[in-house]
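Student: predicted coordinates and the sequence they were generated for:
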Amino acid sequence: MSTTYKVLESDKDFFTASIAQKRVHVVQITEDGLDSIIDYGGPIQKYTPDTVKIADTYYMRKEFEFRAVRISKTR
């Protein structure tokens with residue numbers, strides 16, 4: 001099994017992920033450029049131009065990266 005992701009940036013990205021009920025990870029990029037997964041999340045419950053609600057927690061869109069997870073089966 002292989003896991004890839006799409007970084008959600010636009011309202012269209014957030015809309016598509018929310019309608020498809022994609023699992024979304026919340027990631028913080030550190031000052032030295034490393035990824036730190038803050039929450040393995042779940043589907044988007046709500047989003048606005050400023051915030052995203054995942055697993056009953058609100059996150060600021062400008063402060064985190066949101067990744068829609070794609071799991072593909074490889075043989």
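Tutor: Now that the structure is in, tell me what you want to look at.
Student: where does Ala18 sit: helix, strand or coil?
Tutor: Just to correct that, residue 18 is Ser rather than Ala. What DSSP: H, G, I helix; E, B strand; the rest coil gives for Ser18 is helix.
Student: and it, what does it touch?
Tutor: If a contact means C-beta atoms under 8 Å, 6 or more residues apart in numbering, then Ser18 has Pro43, Ile44, Gln45, Tyr47 as its contacts. Every residue, glycine included, has its C-beta placed from N, CA and C.
Student: what about 7 Å?
Tutor: Counting by C-beta atoms under 7 Å, 6 or more residues apart in numbering, Ser18 makes contact with Pro43, Ile44, Tyr47.
Student: any idea how far Ile54 is from it?
Tutor: Noted for Ser18: a distance of 10 Å to Ile54, by C-beta to C-beta, to the nearest Å.
Student: shared neighbours of the two, which are they?
Tutor: Ile44.
Student: parallel or antiparallel, which strands does the helix or strand containing Tyr59 pair with?
Tutor: Assigning secondary structure by DSSP states H and E places Tyr59 in strand 57-60. Note on strand 57-60: by DSSP bridges, its sheet partners are strand 51-54 (antiparallel).
Student: return the distance of the partner strand from the chain's centre.
Tutor: Strand 51-54 has its C-alpha centroid displaced from the chain centroid by 9 Å (C-alpha atoms, centre = their mean, to the nearest Å).
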